[in-house]
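K.L.:
Quick one: sequence plus predicted model below, questions after.
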Amino acid sequence: MHLFAQDLVNGILAGGILAVVALGFSLVWGIMNIINLAHGAFLMLGAYLTYQLFASFHVDPFLSLPISFVVLFALGYLIQTYLINWVARAPILTIFLLTFGLSLLMVNIALIVWTGDQRGVTTAYSGANFTIADVTVPWTKLFTLLAALAITGIMQLWLTRSKTGRAIRATSMDIGAAQLSGVRVAHIYAIVYGLGAGLAGVAGTLISLSYAVNPGMGDPFLIKAFVVCVLGGLGSVEGALIGGLVYGIVEAFATQLDFTIGTQHISGSGLQDAIALVVLLIVLIVRPTGIMGKATA
Amino acid sequence: MQLRPIAALGALILAAGLAAPSGPAAAAGDTIVFGSPVSLTGSLTKEGHLTQEGYELWKNYVNAHGGIKVGGKTYNVDIKYYDDESKNDTSAQLAERLIDQDHVNFLLGPYGSGTSFTVAQIAERKKIPMVEGNGAAEKIFNQGFKYTFGVLSPARRYLEGILQMTKAQKPPAQTVGITAASDAFSQEVAQGAAAWANANGMKVVYNNKYPDTATDVSSIISALKATNPDVILNAGHLQDALLVQKGLKEQNVMAKAYGYSVGPDTPDFASSLGKDANDVFGGAQWSDAVKYKGAPGFYQTAQEYAKAIDAAYHHRADYHNAESTAACLAFQYAIQKAGSLDTEKVRDALAKLDVTTFYGIIKFDSRGINLYKPMVVNQIQNGRLTTVWPALTADGKPKYPAPPWGQR
Amino acid sequence: MTTTAVLRRIGLGGITGSPIAIAVALALMVVLLAVPFGHNGYLEIVFRNILMYAAMAYGWNLIGGYTGYVSFGQVAFFGAGAYCSAVLSAHGIDNLFADVALACVVNALFAIVVGLPVLRLKGHYFAIATLGIALALSDIVANLDALGASSGLAVHHVDEAHFYVYYYAMWLVALATILGTYFIARSKLGFAFVAIRENEEAAAVLGIDATRYKITAWAISAMMAGAAGAVFAPANGFLDPSIAFSVDSNVFPIVMAILGGAGTVAGPFIGALILAGANELLQRYFIKIHTLFFGAMIVIVVLILPRGLVWLFGLKGGARTWLKSLTAYKA
């Protein structure tokens, strides 16, 4: 029973981070129809930025959240305006390829700048924890989850209440009509892509607290972002959150599966990715547009 | 202007470039050329660089000291590198390129068991001897390969020393919990540790694996914590060692000893974790405390070697450095003994090699792996790597049991 | 001028793509027959890998380029084909024909079983489902002791003197995928695929049984990738999940097909040749920063040739049209 509760907590804490990773990816994909393979690289840059600020100026990682967001937002805005926009009307796959190339560029620039050494952000409070009813909760991960919830909430409010947010949603629904009513689509797209990069940067900052920082660190998270955003429903803010939590919890419980068939030992923790992916496939077959997706594609 | 001629021209340049040999031709005049595909980018970049440093240090030493004498003639050495991007499937092509395009005389191993296995296949087919110091999975040596030699102790030995050491403490450790990454090397390490524990009266209370791509191991740690082992072992790589060590603290998992197959020996472990890295044990192929007196022709003691690494690369000598250098030394002594650069003669000399170096004994069994050199156990004590086992080579006493988190 | 008008004027369009490009591709294939005569194992491996990537790119092209169902999981079929060879080899059967035949049968069945539910998904959701299948399969194999789990299997292979056999086997597989694509593209099948890509509902109105054609496309594409895998495994001599289901084998064929020209007959081959060749050269001359240049190269090609390299061949009016059309894709 206690392990059950602990796993639930582990799953929710891990899922919160995945939700932030997937959020920016989901917005870019859902609104602009771009499968952004550079998302993992943005995440990595956010983590390095946090590491560098921490190592050189002792800036607390949580304080560097807004810095990561602003810097990566600017980078994303520029990339969309000067590179992606150039081929905006080419087939979707062309842009997919462009983001692949950009990702390779950024990862290898990071390799030159920071080398392949594993870096860590270990603060004075890192690893501090408290225990309630036999369930141990690390403070950093709890704050990471709270930050994730806050970010999701702010994004949802901003998208539904602000003028720019409404313009973004209008553009995603009907680009022609939005243009007619005076929305500057190129600018809106640059903002959305910037948001995607900025959110990836924020995710990178949060991840640097528990995961080793290195140039290739974005890859496993990128793949999880794929799954999480489809699990929840593309382009949906609350979908990313729910998808992240579902993914985290499924993985946590999968870890405890442990049995043997014949001579074949089945280890749930070795198969945690496969189990999460099978859950994804089942969800998609039952609900082809994700848990929170609209009924029709 | 038509674009088609441009396309044709581009294709021609491409074809010409592919067919052109690069670098110096083998044994052109007075140089012996070695080739090695190592991980210069990708997930094993750090380990790949340490490997390359070990090779380069040897090359520079030999060239500065007059080269290698082969049957009355002296040769300088050169090493040709390519980047395998830390991927098992790229090393095959690179090994072929080194042999057929660059005409290297011999191969030095890549970093990692998967890549070493792939290159071993090519070495075998091409009948080019390879000595490797960074692929410890015994599977490589159970294929009947005749041209592949490993200077390092096999994977199953990596964590044995830590278990021996904890069992020798008073009161002796009785239970073990093991977590392991799912790759071939880590699995062999974990199986070896579990087998040793079972054979020596220790109880394995937890033994499970996680995917190489794991981004969160907290649930594995929760399950491990529930079994309350005396000794916690991890068989993995630097990246997941960091993840596990942070996770253990976050869930306040108290064991008497924490041991890693890979991690504590690399400077990144202590620099990333700070105080949380203290009192952790690492199984190592070598440390700068070992007390061998090597044959002449290279630095003869571990201490001289460590000084040279520090002077050249400004960090503490790591066992990845040493085992890579040892691979080069195996070639150096075998070539001298063979008195020839002929691949068959050098292969036979390698098979019969029995030499002591700063790194320990280099001698291969019939399968080509070095079973004659013991592993050592290091512990991070106050941020410094100290060799604590076996007692004969130790430069410090193990700190056991580990104090609670926060008091390290 | 609208984008479509630009495309028509410069000679793109049509279901097979530029006939000149096809002729060039086939001529290059004939030239590639000569590679083993150079007795250079390295070049043999380089071009064998190019042929392998080309075969996989054709597999992807059929479902992603022609039918418009972008799959991110073709490596599942490559890996399944490779493991077919490994299993046969473990049972003492070392015969390339048997390997390829088994891989094709297994993959066709695999594609049909998985395709029935998955091909109901559209667009992004289909893409992710296929990625999920590939990743899950890789994970499952890594945990199956019978398949060597993560430490892999040694696959018996021939000696150095007969190594060229794998080269020609891969050449045949690649040729079969090129010709297969050409004849499919010109047949009723090809028209049905393109009709589904352009508008699935309208295709249904025309009496095209979309489900049947989609599954056909996917099964054929699975066989193409599987055949390549079946030849690759014994040629490589060693197979583990990280090799059989590598990210490169998943991403490269897609990148090659798009860079060469998705939905054309010559595109994937030309893409594979240029991309793998350039990668090889960069790797050789820029040892530490080759991936950086590789990334830069992709970015530049996409920006100056957004419809793929095949475009160079079909172009009417030369460089001037090209320069004019450069801004055609700007938002």
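P.N.:
Received it, and whenever you're ready, just let me know what you need. Residues are numbered from 1 along each chain as shown, chains lettered A, B, ... in the order given.

K.L.:
strands paired with the helix or strand encompassing B:Thr386, and their directions?
P.N.:
B:Thr386 is part of strand B:384-389, with elements assigned from DSSP states H and E. Strands adjacent to strand B:384-389 in the sheet, as given by DSSP bridges, are strand B:376-381 (antiparallel).

K.L.:
Give me the contacts around the partner strand.
P.N.:
B:161-162, B:165, B:259, B:264-265, B:269-270, B:277-287, B:289-290, B:385-390, B:393, B:396, B:398-399 (C-beta atoms under 8 Å, 6 or more residues apart in numbering or on different chains). No exception for glycine: its C-beta is placed from N, CA and C like everyone else's.

K.L.:
Just the buried residues of those residues.
P.N.:
B:161-162, B:165, B:259, B:264-265, B:269-270, B:277-287, B:289-290, B:385-390, B:393, B:398-399 (16 or more other C-beta atoms under 10 Å in any protein chain shown).

K.L.:
Which strands and helices lie in contact with the longest helix anywhere in chain A?
P.N.:
Looking across chain A with DSSP state H, the single longest helix is helix A:2-32. Helices and strands touching helix A:2-32, by 3 or more C-beta pairs under 8 Å, 6 or more residues apart in numbering or on different chains; DSSP states H and E, are helix A:39-57, strand A:135-138, helix A:139-161, helix A:163-173, helix A:185-207, helix A:218-232, helix A:237-254, helix B:218-227.

K.L.:
Dihedrals phi and psi, B:Lys80?
P.N.:
Main-chain torsions, B:Lys80, degrees, to the nearest 10: phi -100, psi 130.

K.L.:
Out of the helices and strands packed on helix A:2-32, the one nearest chain C is which?
P.N.:
Checking the helices and strands packed on helix A:2-32 against chain C by C-beta to the nearest C-beta gives helix A:218-232 as the closest, at 4.2 Å.

K.L.:
Run the chain-centre distance for the closest one.
P.N.:
How far helix A:218-232 lies from its chain's middle: 7 Å, per C-alpha atoms, centre = their mean, to the nearest Å.

K.L.:
cool, and stretch B:138-156?
P.N.:
The answer for stretch B:138-156 is 13 Å, by C-alpha atoms, centre = their mean.

K.L.:
buried stuff in it?
P.N.:
Quick answer for stretch B:138-156 (16+ other C-beta under 10 Å): B:138-141, B:143, B:145, B:147-156.

K.L.:
Could you tell me which residues make contact with the residue nearest to C:Met52 when sequence neighbours are not counted?
P.N.:
Closest residue in space to C:Met52, ignoring its immediate chain neighbours: C:Ala228 at 4.9 Å, by C-beta to C-beta, 6 or more residues apart in numbering or on different chains. Counting by C-beta under 8 Å, 6+ apart, C:Ala228 makes contact with C:Met52, C:Ala55, C:Met56, C:Gly59, C:Phe78, C:Gly81, C:Met170, C:Val173, C:Ala174.

K.L.:
Go again with 7 Å.
P.N.:
C:Met52, C:Ala55, C:Met56, C:Phe78, C:Gly81, C:Val173 (C-beta atoms under 7 Å, 6 or more residues apart in numbering or on different chains).

K.L.:
Many thanks, have a good one.
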